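Trainee: give me coordinates for this.
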Amino acid sequence: MTHSPADQQYREKQAGALQTGDYLYLPGNGPAEEITGIELEHDDFGVPALVIATTSEGGSVRIAFGSAVPVGEPRSAVNGPAGNSPDAGDRDSGDDAPAGELPAESAPAVVVPPLPAAPPSMNAPTAAQLALIPAPSGTPEAVIAAAAEAHPGRNGVAVLSERLVKGVNTKSGSCLRDISDLAHDLFIQLRDPDNALAVADLLNVLPFDGNRDRWASVERALALSSFICRELGQEARAEAYAQMLQAPDSLETDPFRARIAARVRQRALNEPNLYDKEIFRSIDNGNRDAEREWRLLRFESLLFLRAHGGSETLRISELDHRLANELEAVRA
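Mentor: Prediction:
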């Protein structure tokens, strides 16, 4: 962004660092307005995502947390004491922009940048990690069909596989969820770790592309695959899956935002939702089906924690014990 000598008080500041008392240029070419209030909106993972700034003139603007925005100095600091502006007599000449205002050519056209139409891939699996994952035996549809053929008559697997063999679309969140569900069913219900891994690996090789909804299915597949490989004694492969699951955690390059994200992530690991109330309520009501569904969710939460190497409140040894218990409970 360019600016002229007449705008010497103009500078940029990260939205996440704005404070009350700062003078912010709103979209357009008006004067800078004093910020009188700051609010933060967080995304679904608890990370600051949006700054809402209100000003003394009644203005309000929503800014992406990491955006750079134009700020300036109070008018008194630019013009000097009232009535003593060094160029007060020249303002009608049109030679200089009014003090405290941005020239039209330097005003920000957009404060909140739009998301790209197709986010770039981020933190793709490394060559060493991919080397530990066997190549698929055919197309994704063929892998899914082979897994289903190994368990004829199994309604849940049949429903998922029939939908998926028509065509796998890795850009579709619902398709990724179906693949993840199929891998879980193959391992948990049908006790078929080999086909479960083969199906999960269709997702495991996908990089994080910035879309958290799609990544949730990949994350489930990676956590399950890491657990299965540990059960099979394939420690190196299990660790590779765990590292791939944690790859998006290291994407943030801004030190402040990285610290905030790390704190939020650690709190989520220390205080996971293990659905205790829901499970006990189902047991009290004698509802075995509901109890099993809640235990499946607990099992997934424990898988996620295990892939992260435990937390400050749940050690690996305890997680391994609880995972074994939950697996036995949902298979009973």
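Trainee: in which helix or strand would I find Ile52?
Mentor: In the assignment (DSSP states H and E), Ile52 maps to strand 48-55.
Trainee: counting contacts, what elements does that strand pack onto?
Mentor: Using 3 or more C-beta pairs under 8 Å, 6 or more residues apart in numbering; DSSP states H and E, the elements in contact with strand 48-55 are strand 33-42, strand 60-64. No exception for glycine: its C-beta is placed from N, CA and C like everyone else's.
Trainee: for it, list every residue counted as buried.
Mentor: Buried positions in strand 48-55, judged by neighbour count with 16 or more other C-beta atoms under 10 Å: Pro48, Leu50, Val51, Ala53, Thr54, Thr55.
Trainee: quick check: closest non-adjacent residue to the fifth one.
Mentor: When the adjacent residues along the chain are set aside, Thr54 lies closest to Gly37, with 4.2 Å between them (C-beta to C-beta, 6 or more residues apart in numbering).
Trainee: so what's that neighbour up against?
Mentor: Contact analysis of Gly37 by C-beta atoms under 8 Å, 6 or more residues apart in numbering lists Thr20, Ala53, Thr54.
Trainee: and the gap between it and Gly59?
Mentor: Using C-beta to C-beta, to the nearest Å, we find Gly37 at a distance of 11 Å from Gly59.
Trainee: kindly report the same for Ala262.
Mentor: 34 Å.
Trainee: who has more neighbours out of these two?
Mentor: Using other C-beta atoms under 10 Å, the more surrounded residue of Ala262 and Gly59 is Gly59, with 16 against 13.
Trainee: I'd say the more buried one and Leu26 touch.
Mentor: Yes: using C-beta atoms under 8 Å, Gly59 is in contact with Leu26, at 5.3 Å.
Trainee: anything in contact with each of these two?
Mentor: Common neighbours of Gly59 and Leu26 (criterion: C-beta under 8 Å, 6+ apart): Glu33.
Trainee: show me the shaky parts of the stretch 51-200 of the chain.
Mentor: Within the stretch 51-200 of the chain, the segments meeting pLDDT under 70 span 73-122.
Trainee: give me that answer again for 90
Mentor: Counting by pLDDT under 90, the stretch 51-200 of the chain has low-confidence residues at 51-130, 137, 153-156.
Trainee: tell me what whichever strand or helix holds Asp194 is packed against?
Mentor: Assigned by DSSP H and E, Asp194 belongs to helix 193-204. Contacts defined by 3+ C-beta pairs under 8 Å, 6+ apart place helix 193-204 against helix 140-149, helix 173-188, helix 212-231.
Trainee: closest one to Val330 among those?
Mentor: With C-beta to C-beta as the criterion, Val330 lies closest to helix 173-188 of those, at 6.0 Å.
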